[in-house]
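Peer 1: Return a 3D structure for these sequence lines:
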Amino acid sequence: MRIAMFSDNFYPELSGISDSIIDIAKELAKLGHYVDFYVPYYSKKDFHKFNVPHQELNLGQNISICRLFSLKYPSPTQQARMVIPTFLKSIALRKNRPDIIHTHLFFGVGMEGMVASKILGIPLVGTSHTPLTEFMRYSFLGKNFFHKSGLKFVSWYYNQCDFVTAPSKGILHEMTMHNFKRPAKVVSNPIDLDKFYPVSSDEKSQLKKKFNLSEFAVIYTGRLAEEKHVDVILRAIALVKEQIQSVTLAITGHGTAEESLKMLAKELGIGENVRFYGTLKVNDHSDIYRAADVFAIASTAETQSLSLIKAMATGLPVIGINARALPEYINPKNGFLVEVGDYESMAEKIIFLFKHPELSESLGKGGLDYVQQFSLDNIANQWDIIYREIITSINYSKSDKDKNI
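Peer 2: Below is the predicted model:
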């Protein structure tokens, strides 16, 4: 089948959404499907921020990428682009008419996909990846405006879809509270288990040297933005240092909060214990997980967190905040939950894992077992079934209506 994927977020922007849909597209292509991406155009400067060549991705014969004119938009990655919908994309879709349209997000590109599905009569699947309230904190229209009307718009948008998915129950529940009524299901983002996997203690030691990490290292990876609350992890590490002086904290990624976090580390007296790596290359990104001993996340905005899933796949015990979707993925077999902003409890859990290496290893194995269900082939097969069922159901409904005319 031919699948048209519309996303307001794509390579080279730092994004779990982008990584996820690219991985799924490649896996769907292996199953013999064709995937056409409709995504924003990014400037040369956006590519340079990631230290990647200013050239289009080559994802194979079965995958094409169409870039849509876009404008710069404020975001924590300082890379986001905004597409102003023209509602003319249905004209381009007539040439390579898709069997199904799948929109990721609900802004300009998402609106293009939704309108194209209506004009051409093509089934529409929508995936809600992130709470609107978190997106809109960066809006020029103001947070209060979207607090009142944003969720209603999101629910209206996804009510136009034939089927809706999200990576956690919480986000579907939030929409349901605002009149969302369409058939829906939780479908996880995938993890490439060929890239993220545990290593032996000897290999871990070598990787620690590569990244200049101590014998006991905590890691956070992802955007450095206000809603990620990385400051909570820094404050926890300051307490951990009182008992484990050599502890190191590895932080990867970039964003608007980076400079303030560096200043806070110095103020807390842990400047020498914290390593800011920026955005790493693909191989280094997976290696730094394997060099660490514990993964920590304090974000209040996660609808799943691919960083969390990657940490589990690497065999790390995890510590997360009891907020949004994190409690759906963190359980007693793979890690610990602490309350929002409670850096003291986070510090206690980190120290506890340091003092109990056998439990740390057991939680790491529990996480590794848990994430097997999110493998690329498993998630791609789920999408294959969903697409086929929707297409069959809608074609049957059309046939049934024709008979009654």
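Peer 1: Low-confidence stretches in the stretch 301-405 of the chain?
Peer 2: 396-405 (pLDDT under 70).
Peer 1: What ranges does it have for its strands?
Peer 2: Assigned by DSSP state E, counting those that start in this stretch, the strands in the stretch 301-405 of the chain fall at 318-321, 335-338.
Peer 1: Likewise for the stretch 151-300 of the chain?
Peer 2: Going by DSSP E, counting those that start in this stretch, the stretch 151-300 of the chain shows strands at 163-166, 184-186, 217-221, 248-252, 274-278, 294-297.
Peer 1: Tell me which of these lies nearest to Met312.
Peer 2: strand 294-297 (7.9 Å; C-beta to C-beta). (Each C-beta comes from the backbone N, C-alpha and C, glycine too.)
Peer 1: Just name whatever secondary elements that closest one is in contact with.
Peer 2: strand 217-221, helix 230-241, helix 306-313, strand 318-321, helix 343-355 (3 or more C-beta pairs under 8 Å, 6 or more residues apart in numbering; DSSP states H and E).
Peer 1: before we move on, back to that, which stretch among the strands of the stretch 151-300 of the chain is buried most, on average?
Peer 2: strand 294-297 (a mean of 27; mean count of other C-beta atoms under 10 Å).
Peer 1: quick one on the thing from earlier: need the strands of the stretch 301-405 of the chain in JSON lines (columns: distance to His33 and mean neighbour count).
Peer 2: Compiled in JSON lines, the strands of the stretch 301-405 of the chain are given as follows (distance: least, C-beta to C-beta, whole Å; neighbours: other C-beta atoms under 10 Å):
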{"stretch": "strand 318-321", "distance to His33": "33", "mean neighbour count": "27"}
{"stretch": "strand 335-338", "distance to His33": "36", "mean neighbour count": "22"}
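Peer 1: Show me the one of those strands that comes nearest Asp284.
Peer 2: strand 318-321 (20.8 Å).
Peer 1: hmm, back to that, out of the strands of the stretch 301-405 of the chain, which is closest to Gln160?
Peer 2: strand 318-321 (33.1 Å).
Peer 1: Lowest average confidence across helices and strands of this protein, where is it?
Peer 2: The weakest-scoring helix or strand in the chain, judged by mean pLDDT, DSSP states H and E, is helix 132-135 (a mean of 58).
Peer 1: I'd like to know which of the strands of the stretch 151-300 of the chain lies nearest to Gln55.
Peer 2: Using C-beta to C-beta, the nearest of the strands of the stretch 151-300 of the chain to Gln55 is strand 274-278, at 21.2 Å.
Peer 1: The closest one - what's its average pLDDT?
Peer 2: Mean per-residue pLDDT for strand 274-278: 96.
Peer 1: Partner strands of that strand and their direction?
Peer 2: strand 248-252 (parallel) (DSSP bridges).
Peer 1: Mean confidence (pLDDT) on the strand it pairs with, please.
Peer 2: 98.
Peer 1: can you give me how far that strand is from the chain middle?
Peer 2: 19 Å (C-alpha atoms, centre = their mean, to the nearest Å).
Peer 1: likewise stretch 34-45?
Peer 2: With C-alpha atoms, centre = their mean, you get 18 Å for stretch 34-45.
Peer 1: now do the same end-to-end measure for that stretch.
Peer 2: One end of stretch 34-45 sits 30 Å from the other (C-alpha to C-alpha, to the nearest Å).
Peer 1: With stretch 7-22 instead?
Peer 2: 11 Å.
Peer 1: Can we start the residue count at 444 from this point?
Peer 2: Understood, numbering begins at 444; the last thing we discussed is stretch 450-465.
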